[in-house]
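Participant: Here is a sequence with its predicted model. Questions after.
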Amino acid sequence: MLYRQPSSPNQLLLHTSCAEDLYSIYHLQRHLCWYESILWPEDMKQSHGRIHVFFSEDDDIVPTSFINDYLEKSNIDTTVLSDFKHVLSNLKIGLLGAGRMSQALARSLIERNVVSSKDQIMASDVDENQRNIVASQLGIVTTADNREVVKESDLLILAVKPKDVESVLKTIREPLLPHYHLLVSIAAGIRTTTIEQLLKPNSRVIRVMPNVACLVNASCSVYSSGKFATTDDRSVVNTIFSSIGSCEGEIDENLLNAVTALSGSGPAYFSVLVEALADGGVKSGLSRSMALTLAIKTMLGTAQLLLGKEQPFHPSQLKDAVASPGGTTIYGLEMMEKAGIRAALMETVTAATNRAAQLES
Ligand SMILES: NC(=O)C1=CN([C@@H]2O[C@H](COP(=O)(O)OP(=O)(O)OC[C@H]3O[C@@H](n4cnc5c(N)ncnc54)[C@H](O)[C@@H]3O)[C@@H](O)[C@H]2O)C=CC1
Ligand SMILES: O=C(O)[C@@H]1CCC=N1
């Protein structure tokens with residue numbers, strides 16, 4: 001009644017009244033009406049019995065320490081259960097395309113216990129070799145049939161190359177149920193409206209841009225929601241993409257191409273910079289391996305200083321702190337300016353943004 005596509009007038013009536021009415025669907029599908037279930041400290045104090053709030057220490061949905069502090073200040077008894085997790089324990093995740101990004105995502109979700117079992121993830125890929133890698137290295141079930149993944153999952157992650165998006169969406173259009181499934185696309189330059197048009201009306205879509213550093217749980221992701229995505233959908237996306245690094249929140253979709261060009265493609269730019277700096281070291285007599293190690297670790301240390309948990313440096317502050325009067329650094333910096341490196345990097349991001357816009361059309 002809720003999920004079957006109506007094929008007779010009676011079924012259509014039932015479907016419309018039960019599966020499309022906002023309030024019925026919430027209750028029949030056993031979703032919680034959050035807005036009716038908020039218990040404020042004042043309400044708790046008025047209760048006749050004793051109230052004690054228990055939190056899981058590691059909660060992907062509720063900010064445990066923030067709410068715990070808030071309740072403590074309101075004199076409500078609380079206990080944080082150490083080592084307890086509140087994870088996406090029932091959500092079934094389907095990966096459409098089992099390439100580099102999907103594998104990294106699946107690995108993180110399993111290793112970081114965001115899912116409670118490997119059985120919660122399934123992947124499809126046209127390439128048998130990729131399927132074998134995923135099955136043997138990650139122990140998750142794979143199939144060549146994208147439709148099978150849709151039928152077995154609640155949330156789908158579309159991780160094929162942009163050129164393959166349309167054909168995959170056409171294949172899964174039928175089994176993908178707008179009220180049931182959430183489709184998360186990480187494909188560069190494919191708008192949520194394009195995806196929505198290829199799916200059934202009202203399909204819930206969120207577009208995310210992570211980066212390859214998800215292989216080491218250090219991706220930074222940004223997302224944009226389609227027209228029909230819900231607050232719960234955004235919360236799940238936040239949880240999933242925080243597990244592979246950080247999720248920097250939602251952004252106007254018009255800016256997602258710039259994100260793609262900066263942080264999506266960024267690891268490639270930094271790799272070129274590291275390689276070029278190492279070349280400079282080799283030219284000045286260092287061994288290749290020493291030069292590469294120094295360049296990489298210098299990039300890492302610089303990133304840590306710029307991010308600085310307690311006192312982040314502004315880039316110009318850090319540059320000034322390193323360049324002493326008449327010293328080595330200022331001579332190096334002069335050469336960078338002569339070579340036009342700032343303009344070159346700005347144009348790099350602009351060119352990649354424009355390319356993402358071309359993919360959109
Ligand atoms: N590689 C990167 O650094 C980033 C990639 N992205 C996006 O992520 C997506 C995936 O990228 P990668 O994982 O790097 O690509 P990939 O080439 O490693 O993986 C794509 C997989 O999709 C499979 N595939 C192709 N057609 C298919 C079909 N019809 N049905 C099922 N599977 C099919 C391919 O066999 C391949 O294994 C792309 O859209 C890209 O724009 C986003 C951020 C960073
Ligand atoms: O170059 C690409 O198409 C993808 C998008 C972000 C990183 N790689």
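Facilitator: The structure has been received and is ready for your questions. Numbering: from 1, shown residues only. Ligands and ions are numbered 1, 2, ... in the order given.
Participant: Enumerate the residues of the stretch 151-300 of the chain near ligand 1.
Facilitator: 159-162, 164, 167-168, 186-188, 209-212, 264 (C-beta under 6 Å from any ligand atom). Every residue, glycine included, has its C-beta placed from N, CA and C.
Participant: wait, the stretch 1-150 of the chain
Facilitator: Within the stretch 1-150 of the chain, the residues that sit near ligand 1 (C-beta under 6 Å from any ligand atom) are 96-102, 124-127, 130, 146.
Participant: Tell me which of the residues of the stretch 151-300 of the chain next to ligand 1 fall in helices.
Facilitator: Among those, DSSP state H puts Pro162, Asp164, Ser167, Val168 in helices.
Participant: ok, and the most crowded of those?
Facilitator: When neighbours are counted by other C-beta atoms under 10 Å, Val168 leads those with 21 neighbours.
Participant: OK, contacts around that residue?
Facilitator: Applying C-beta atoms under 8 Å, 6 or more residues apart in numbering, one finds that Val168 lies in contact with Leu96, Gly97, Asn146, Leu158, Val160.
Participant: Tell me the spacing between the closest residue to ligand 2 within the chain and Ser221.
Facilitator: Across the chain, the shortest distance to ligand 2 (C-beta to the nearest ligand atom) belongs to Gly264, at 3.1 Å. As judged by C-beta to C-beta, to the nearest Å, Gly264 and Ser221 stand 9 Å apart.
Participant: which residues are common contacts for the two?
Facilitator: Joint contacts of Gly264 and Ser221 (C-beta under 8 Å, 6+ apart) are Met209, Pro210, Asn211.
Participant: hang on, the first one packs against Ala188?
Facilitator: This points to Met209. Yes: with contact defined as C-beta atoms under 8 Å, Met209 counts as touching Ala188 (7.3 Å).
Participant: okay, those two: which has more neighbours?
Facilitator: It is Met209, of Met209 and Ala188, that has more neighbours when counted by other C-beta under 10 Å, with 29 against 22.
Participant: Could you pull up the residues touching Met290?
Facilitator: By C-beta under 8 Å, 6+ apart, Met290 lies in contact with Gly281.
Participant: which stretches of the stretch 51-200 of the chain form strands?
Facilitator: Listed in chain order, the strands of the stretch 51-200 of the chain (DSSP state E, counting those that start in this stretch) span 52-59, 77-86, 93-96, 121-124, 141-143, 155-158, 182-185.
Participant: possible to save those strands as CSV with distance to Ser316, mean neighbour count and mean pLDDT?
Facilitator: CSV is the format used below for those (distance: least, C-beta to C-beta, whole Å; neighbours: other C-beta atoms under 10 Å; pLDDT from 0 to 100):
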stretch, distance to Ser316, mean neighbour count, mean pLDDT
strand 52-59, 38, 15, 78
strand 77-86, 41, 13, 73
strand 93-96, 42, 26, 97
strand 121-124, 44, 27, 97
strand 141-143, 49, 18, 97
strand 155-158, 39, 24, 98
strand 182-185, 37, 26, 98
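Participant: Reformat those strands into JSON lines and put distance to ligand 2 next to each item.
Facilitator: Formatted as JSON lines, these follow (distance: least, C-beta to the nearest ligand atom, whole Å):
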{"stretch": "strand 52-59", "distance to ligand 2": "30"}
{"stretch": "strand 77-86", "distance to ligand 2": "31"}
{"stretch": "strand 93-96", "distance to ligand 2": "16"}
{"stretch": "strand 121-124", "distance to ligand 2": "19"}
{"stretch": "strand 141-143", "distance to ligand 2": "23"}
{"stretch": "strand 155-158", "distance to ligand 2": "13"}
{"stretch": "strand 182-185", "distance to ligand 2": "12"}
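Participant: nearest spatial neighbour of the residue of the stretch 251-361 of the chain at minimum distance from ligand 1, skipping sequence neighbours?
Facilitator: Residue nearest to ligand 1 within the stretch 251-361 of the chain (C-beta to the nearest ligand atom): Gly264, separated by 4.4 Å. If the residues on either side of it in the chain are set aside, Gly264 comes closest to Met209, at 4.9 Å by C-beta to C-beta, 6 or more residues apart in numbering.
Participant: just to revisit the earlier point, overlap in contacts, Met209 and Ala188.
Facilitator: Thr260, Gly264.
Participant: By mean pLDDT, flag the weakest helix or strand of the chain.
Facilitator: Lowest by mean pLDDT, DSSP states H and E among the helices and strands of the chain is helix 22-28, with a mean of 60.
Participant: hang on, Leu215 packs against Ala104?
Facilitator: Yes: the pair Leu215 / Ala104 is scored as a contact, 4.5 Å apart, by C-beta under 8 Å.
Participant: the more surrounded of those two?
Facilitator: Applying other C-beta under 10 Å to Leu215 and Ala104 shows that Ala104 carries more neighbours, namely 21 against 18.
Participant: measure the more buried one to Pro201 for me?
Facilitator: 33 Å.
Participant: How about Glu248?
Facilitator: Between Glu248 and Pro201 the distance is 31 Å, computed by C-beta to C-beta.
Participant: Of the two, which one has the most company?
Facilitator: Counted by other C-beta under 10 Å, Glu248 and Pro201 do not tie: Glu248 has more neighbours, with 16 against 8.
Participant: any idea of the pLDDT on the spatially most central residue of the chain?
Facilitator: Residue closest to the average C-alpha location in the chain (C-alpha atoms, centre = their mean): Phe241, at 2.9 Å. Looking at Phe241, its pLDDT reads 93.
Participant: In this model Met209 seems to touch it, though I could be wrong.
Facilitator: No: between Phe241 and Met209 there is no contact under C-beta under 8 Å: 9.5 Å.
Participant: count of residues packed around Phe313?
Facilitator: Phe313: 16 neighbours (other C-beta under 10 Å).
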